[in-house]
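**Q** compute the structure for the input listed below.
(4 chains)
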Number of protein chains: 2
Amino acid sequence: MKAGRGKVAQARKARGDRTRQAILKVAVDVASAEGLEGLTIGRLASELSMSKSGLFAHFGSKEELQLATVEAARDIFIREVIRPSFETGEGLPRLWKLCDVWLAYVRDEVFRGGCFFAAAAAEFDGRPGPVRDRVASIMKEWVAMLRGSIAEARDAGQLNADADPAQLAFELNALEMGANWAFQLYGDRQAFTRAREAMLERLRRHATASGLRLLPQTGKGRGSRASRAR
Amino acid sequence: MKAGRGKVAQARKARGDRTRQAILKVAVDVASAEGLEGLTIGRLASELSMSKSGLFAHFGSKEELQLATVEAARDIFIREVIRPSFETGEGLPRLWKLCDVWLAYVRDEVFRGGCFFAAAAAEFDGRPGPVRDRVASIMKEWVAMLRGSIAEARDAGQLNADADPAQLAFELNALEMGANWAFQLYGDRQAFTRAREAMLERLRRHATASGLRLLPQTGKGRGSRASRAR
DNA sequence: TTCTAAAACGAACGTTCGTGCTATATTGGC
DNA sequence: GCCAATATAGCACGAACGTTCGTTTTAGAA
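**A** Presented below is the predicted three-dimensional model:
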């Protein structure tokens, strides 16, 4: 029964999906700047010039709206950070690309309020529930990806055996959060170069001779995306 | 006139100040866990079993309540982190103490929701106004203190001349925020030892021979406050 | 004990919140 | 062009929000 009307249901769903997407686009933008709780249904409706109830019907509850918003943000993050990094070969080059693109993703304000997930994590880390769980799992994915790339780089002989993937991933992630914090609170663009430098230092410290050749040269203005002015 | 009734006014003020303090004690606790916006006057009143209006009269507006809460949190931070660190001599020992005690301050849940200011900064970095400004200036104080201690350590010949105070302070602060993030979101206590290790690595890297003797030894379980289990 | 100013209260204000219900447009398949 | 499904709107609800008001309680000075 459910499968029988597959084609019809899919066609029928087209319009609703478009609105849903339009809603989520704004929702992600608002939530990144004012928080997932500050994301109000009335506010969202008026910003899209539609009725509260009409908008509400798409989600059924505020929590579902929040979850959908988180999912939409994840899609954007994958498109803007993960995918570009996977155009680079695995191991150290990809690891560095992940860090570099992440800094650009904050600096270029892919989300108005900086890193969507850093903001959501800070907001929900004290409120148990599905939203918190989802945000936590997404950020775990991210750190796991860093960790995995470090392990790959080590296995490929680009990082020394003494490089602890979990430890290094923790440090890289911390530097990212630090840069995000400084930029959001002070508009401090220098934070990106500071984070970049610190990341490179960490990577160089554990890099083998062949690994070193895969990292950007020392010095300023060396044409990397994250070090370029806007 | 105003000065003339000094003694009287002071006596008269006593009771009000006590309640005010009692209010702020709870306010800080609630705000650290649920945010300064989630800090609701009604909620706060019922938690203290007093009337909304009675509580409200102490502050005059929600924003004033938030500002007073931030100030109260700053007092606690100074008492719990800054003051203990100043029992140690300036330079590298104090710098390390600041980092170490900061980790303990998060781990021991001086505030229920972790670092009060990290949470407040994330919440208000997109909302211009007095609260944001105050939070920003307090965090600036903190980073400036790290930076100052680094400069002192360098001037005392404990850190090499190549140690950039601003850069190093950024990194130490980032590691702190990373540890706070991991602990709040995942309850991950290992984050503290990770941050600790990374901090020590950064300091050792720039330490002179005499500076090295002022830092804890390598290895596990070396009796530092932040590395002890609870 | 009496007086007075501070402190606390209780009730209500106007808004906005999230969430239901019911009715009307809009749409794609026949 | 009609039908059935879907999408949107309109309206109302109860609760909670920050805030104001006039009144009552309370504690310290006289």
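**Q** from the centroid of chain A, which residue is nearest?
**A** With distances taken as C-alpha atoms, centre = their mean, residue A:77 lies nearest the centre of chain A, 4.2 Å away.
**Q** which SS class is residue A:214?
**A** When classified by DSSP: H, G, I helix; E, B strand; the rest coil, residue A:214 comes out as coil.
**Q** residues contacting the residue nearest to the centre of chain A?
**A** A:105, A:110, A:116, A:117, A:138 (C-beta atoms under 8 Å, 6 or more residues apart in numbering or on different chains). Where C-beta positions appear, they are placed from N, C-alpha and C, glycine not excepted.
**Q** rerun that using 6 Å as the cut-off
**A** Shown in contact with residue A:77 (C-beta atoms under 6 Å, 6 or more residues apart in numbering or on different chains): no residues.
**Q** what's the burial count for residue A:29?
**A** Residues contacting residue A:29 under the criterion other C-beta atoms under 10 Å in any protein chain shown number 18.
**Q** element containing the closest residue to residue A:139 other than its chain neighbours, please.
**A** In space, and not counting its chain neighbours, residue A:139 is closest to residue A:117: 5.4 Å by C-beta to C-beta, 6 or more residues apart in numbering or on different chains. Here residue A:117 sits within helix A:116-124, counting by DSSP states H and E.
**Q** sort out which residues of that helix are buried, please.
**A** Neighbour-count burial for helix A:116-124, counted by 16 or more other C-beta atoms under 10 Å in any protein chain shown, picks out A:116, A:117, A:118, A:119, A:120, A:121, A:122, A:123, A:124.
**Q** equivalent analysis for stretch A:45-52, please.
**A** In stretch A:45-52, counting by 16+ other C-beta under 10 Å, buried: A:45, A:48.
**Q** quick check: end-to-end length of it?
**A** One end of stretch A:45-52 to the other measures 5 Å (C-alpha to C-alpha, to the nearest Å).
**Q** hmm, residue A:73 and residue A:28 touching each other?
**A** Yes. Between residue A:28 and residue A:73 there is a contact at 5.0 Å, judged by C-beta atoms under 6 Å.
**Q** residue A:85 - how many residues pack around it?
**A** Neighbours around residue A:85, by other C-beta under 10 Å: 20.
**Q** swap in residue A:133?
**A** 12.
**Q** flag the shaky bits of chain A, pLDDT-wise.
**A** Within chain A, the segments meeting pLDDT under 70 span A:1-16, A:219-230.
**Q** what's the distance between the residue nearest to the centre of chain A and DNA strand C?
**A** Relative to DNA strand C, residue A:77 is positioned 24 Å away (C-beta to the nearest atom of the strand, to the nearest Å).
**Q** report the buried residues of the host helix or strand of that residue.
**A** Counting by DSSP H and E, the element that carries residue A:77 is helix A:62-77. Going by neighbour count (16+ other C-beta under 10 Å), the buried part of helix A:62-77 is A:65, A:66, A:67, A:68, A:69, A:70, A:72, A:73, A:74, A:76, A:77.
**Q** list just the nearest of these to chain B.
**A** Of all the buried residues of helix A:62-77, residue A:70 has the smallest distance to chain B: 13.8 Å, by C-beta to the nearest C-beta.
**Q** hmm, residue A:134 and that closest one touching each other?
**A** Yes. Taking contacts as C-beta under 6 Å, residue A:70 lies within contact range of residue A:134: 5.4 Å.
**Q** which bits of chain A sit near chain B?
**A** A:33, A:113, A:119, A:121-122, A:125-126, A:136, A:167, A:170-171, A:174-175, A:177-178, A:181, A:184-185, A:194, A:198 (C-beta under 6 Å from any C-beta of the partner chain).
**Q** among the residues you listed, which are located in helices?
**A** Among these, the members found in helices (DSSP state H) are A:33, A:119, A:121-122, A:136, A:167, A:170-171, A:174-175, A:177-178, A:181, A:184-185, A:194, A:198.
**Q** part of a strand, is residue A:21?
**A** No. Going by three-state DSSP, the assignment for residue A:21 is helix, not a strand.
**Q** so what's the residue count around it?
**A** The number of residues packed near residue A:21 is 10, by other C-beta under 10 Å.
**Q** now swap in residue A:201 and tell me
**A** Around residue A:201 there are 15 residues (other C-beta under 10 Å).
**Q** so which helix or strand takes in it?
**A** Judged by DSSP H and E, residue A:201 forms part of helix A:190-206.
**Q** for that helix, packing partners?
**A** Judged by 3 or more C-beta pairs under 6 Å, 6 or more residues apart in numbering or on different chains; DSSP states H and E, helix A:190-206 is in contact with helix A:92-107, helix A:165-186, helix B:165-186.
**Q** I'd like those as CSV, with distance to DNA strand D appended.
**A** Formatted as CSV, the helices and strands packed on helix A:190-206 follow (distance: least, C-beta to the nearest atom of the strand, whole Å):
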stretch, distance to DNA strand D
helix A:92-107, 30
helix A:165-186, 23
helix B:165-186, 23
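**Q** just put the ones you listed in CSV and tack on mean neighbour count.
**A** Formatted as CSV, these follow (neighbours: other C-beta atoms under 10 Å in any protein chain shown):
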stretch, mean neighbour count
helix A:92-107, 23
helix A:165-186, 24
helix B:165-186, 24
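**Q** can I get those in JSON lines with distance to residue A:146?
**A** Below are the helices and strands packed on helix A:190-206 laid out as JSON lines (distance: least, C-beta to C-beta, whole Å):
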{"stretch": "helix A:92-107", "distance to residue A:146": "6"}
{"stretch": "helix A:165-186", "distance to residue A:146": "4"}
{"stretch": "helix B:165-186", "distance to residue A:146": "12"}
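**Q** returning to that earlier point: the helix holding residue A:77 to helix A:116-124, inter-axis angle?
**A** If you take axes from the mean of the first three to the mean of the last three C-alpha atoms, to 10 degrees, helix A:62-77 sits at 150 degrees to helix A:116-124.
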